Each structure stands twice: as structure tokens, then as C-alpha cells.
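J.: Next one to model:
(one chain, ligands or ions: 1)
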Amino acid sequence: MSIFSHPDFDGHEAVHAFHDEASGLRAFIAVHNTNRGPASGGTRFWSYASDADALTDALRLSRAMSYKNAVARLGIGGGKGVIMRPANFASDQFDREALFRAYGRAVNDVAGTYVTAEDVGVSPADMVTIKTQTDFVAGLPDTSGDPSPVTADGVFRGIRVALRHAFGSDTLEGRSVAVQGLGHVGYALAEHLSQAGASLIVADINDAVTARAKSELGAKIVATDAIHAQPVDVFSPCALGGAINAKTLPQITAKIIAGAANNQLATPAMAEHVARAGKLYAPDYVINAGGIINVDAEVSYDRYDPEWVRGKLDELEETMDEVFTRARKEGSTTSAIAEEIGRMRLAERRDWR
Ligand code: NAD
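T.: Presented below is the predicted three-dimensional model:
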């Protein structure tokens, strides 16, 4: 399998492949860029159809982390770990703890150029297992903890900036928001929005969380295939990627699209279509950086300082403002401006080794 001529190879500094016969571990750790600090990004545990698919994911996701971390001006670079779920998982024949111990040794072998955290498919218990083998782990329950509340705080702040740009006022009073996905981030965001006076429309495949939002926050519940089309001011994708696609965009009436989900645009070309449809899109990796800010608070400093985290969220608001302002003035898409800011900040090199 080729790396250097892979379509998603983007000057990655290192791509490591790991195999452990005894536990069945097959994993990649991709270190995209360490200019700003040790590469950081969560580890994903997923069923991949092939190792080529897993490698593609590692290459793409690590690059995305470089941009996210650089835009937020963090002291960490971009990296990603990807573990291929053993094929016999359905019959639960593999030893999960042994697998994550082997992965912990792999992270340790990368010797601090990569610091891992949680991502899709990895639980807090798995992180504790990884930690038995390496110190290059962040976001454990007894350290900076669950990043979701900080992510929700950042998204809430970003929505206010977007409101100011779209409507001239950042008040939530009298505004309506459709939240797609009421998970760790979506529910916390819905609480912020409701407390600030917004009316909510929500959808989730999990009926228990929508019922809770109805009783606690007075939210209206709609079907998951109708949430994007609600007549609201803000559509907030907080579930999976690809919420903005050729089918959904023509049905979205909200002026603002701003949520926590990663990879909200189904394709990069959607950025242009969204702008042409007159919608203000908050680039996902700018607005959802709260979680990685929380991780950096642990990776780069001796002591977790909530004050520092709040300062970084203030900066996130400033960056959102810059993205919207420049996109309007330069007639560009918000995604293109975010990418440009990312490229510039990625070039800022820090002597950290
Ligand atoms: P989560 O798994 O806790 O929540 C996702 C929610 O979406 C769940 O309640 C799930 O039932 C729901 N969902 C799934 N499919 C749906 C559908 N088709 N329609 C409506 N709801 C659906 O995840 P999370 O931690 O809240 O993260 C949400 C999104 O934000 C993800 O895309 C994640 O990558 C991104 N993100 C999260 C963080 C963080 O700090 N947790 C940081 C940055 C980005």
C-alpha cells in the first residue's frame, strides 16, 4: 500500500502501522504536523472494510486535527489514532482490554509525538486501559475529563457570533434553533440555548433524550429526517457528519448553520452551495474546538486551568467573528477563510521537543 502517493497524503510527518498478534490489534497512528506541539487527536475504534479505508481515515482525520488545533492557536499539532475493530467483534471473541493495552504500548512507542484522547467507539474505560501503558493520554476522568460541556459552550458562543452577523443582534430571546442530535454535546448546547431564551426543536434516534428535552426544556420533537427542514433561525447539526448535502440543503430554511458535528458538509464543494443559498455556515472545526481546547489545557500545562480554557473560548469567538467578517468582505466562503487562517497558524512553529 502506498503512503506518499496516497490521495490523502498531505505532507504527513509520520504514519505508523501497528500489529499485535496476541490481541488482534491492527492500528494506524498518523502524525500530520507537529509545528505547534505534539500531535493530538482522539483514537477511533471502528469496523473498517479494509486496512486501506482505515489508513485513509487516519490520514484525513489527522490533517483535520492539525487545522482545528492551529485555528484555535493551541500548543498541539494534528494527529489521529485509528484502531480496526477485529472482524470477530460481533461474536465478541476478542479481549478488549488486551487490545487497548496493546494500543497503549503502540502510543508509547510513538514517544510523545502523539498524545491520544477519546473519539468514536472508545470509552472512558478504554482510555484508562491505554493509560496503564503510556502517559501520552489526555481527557481521563480524573484529569481534564469529558470535553463535551466545553465543546457545547464553544458552539453556543459561536452561534451568538453568527446571530450578530446574520441579524445584527446576538440575543437568543425570540430566536428558534433546531438541534439535530442530543448527545453529550447536543443536549448541553440545548440547555444553554434554552436558558438564553431560545425556543427549541429537536430530533434524535434516541427517544429518551428527546422526551427529556421536551419535559426539561420545552423542546418540540420532530422526526430525524425532518429536523433540518424546520422553519427556524439556526440549524445546529450535533449528530453525525454529512448533515449538509445536496438533498438537505434545498430544504434548510434556517439562515444560520452552526453545530458541533464534525464534517457537516458532505463534500467540500457544499461550502460554495451553502454560501450561494445565502446561509451563514460556521465551519465545524472552528466552532467545535472547545473539546480539543480542553485537552490542550491538560497536554500543554502542568495544571488544568478553567480560566485559561475560558480565555481560549473567547478567542474562538474572535476567530468566528474574523471568519464571518472576512467571508463577507472578500466574497469568499467561510470554509475557505477558515482553511486560510488554519494554513497560516499551522506555519507558526514552536520549539517544544
Ligand atoms: P454523542 O454520541 O454523545 O451524541 C450523538 C447523538 O446523535 C446521540 O444522541 C445519537 O443518538 C444522535 N444521533 C445519531 N444519529 C442521529 C440522526 N440520524 N438524527 C438525529 N440524531 C442522531 O456524540 P457527541 O460527543 O455529543 O458529539 C456529537 C458530534 O459532535 C459528533 O459529530 C462529534 O464528532 C462532534 N464533536 C464532539 C466533541 C465532544 O467534545 N464530544 C468535540 C468536537 C466535535
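J.: Quick check, the residue in the stretch 151-300 of the chain closest to the ligand?
T.: Closest residue of the stretch 151-300 of the chain to the ligand, C-beta to the nearest ligand atom: residue 183 (1.7 Å). Heads up, the C-betas are built off the backbone N, CA and C, glycines and all.
J.: okay but that residue is in contact with residue 240, surely?
T.: No: with contacts counted by C-beta atoms under 8 Å, residue 183 stays clear of residue 240, the gap being 10.0 Å.
J.: higher neighbour count, those two?
T.: Using other C-beta atoms under 10 Å, the more surrounded residue of residue 183 and residue 240 is residue 183, with 17 against 14.
J.: Need the per-residue pLDDT for the more buried one.
T.: On pLDDT, residue 183 comes in at 94.
J.: so who does it touch?
T.: 148, 204, 209, 238-239 (C-beta atoms under 8 Å, 6 or more residues apart in numbering).
J.: go with 10 Å
T.: Residues counted as contacts of residue 183 (C-beta atoms under 10 Å, 6 or more residues apart in numbering) are 148, 189, 204, 206, 209, 238-240, 260-261.
J.: now, which of the residues you listed lie close to the ligand?
T.: Residues of these in contact with the ligand (C-beta under 6 Å from any ligand atom): 148, 204, 206, 209, 238-240, 260-261.
J.: Mark which of those are buried, thanks.
T.: 148, 204, 209, 238-239, 260-261 (16 or more other C-beta atoms under 10 Å).
J.: separation between the residue nearest to the spatial centre of the chain and residue 63?
T.: In the chain, the centroid-proximal residue (C-alpha atoms, centre = their mean) is residue 262; its distance is 4.7 Å. Plainly put, residue 262 is 13 Å away from residue 63 if you go by C-beta to C-beta, to the nearest Å.
J.: now swap in residue 316 and tell me
T.: 20 Å.
J.: Which residue of those two possesses the greater neighbour count?
T.: residue 316 (25 against 22).
J.: Model confidence score at residue 174, please.
T.: So, for residue 174, pLDDT stands at 97.
J.: Is the residue nearest to the centre of the chain in a helix, a strand, or coil?
T.: coil (DSSP: H, G, I helix; E, B strand; the rest coil).
J.: so it touches residue 241, yeah?
T.: Yes: taking contacts as C-beta atoms under 10 Å, residue 262 lies within contact range of residue 241: 5.7 Å.
J.: overlap in contacts of these two?
T.: In contact with both residue 262 and residue 241: residue 284, using C-beta under 10 Å, 6+ apart.
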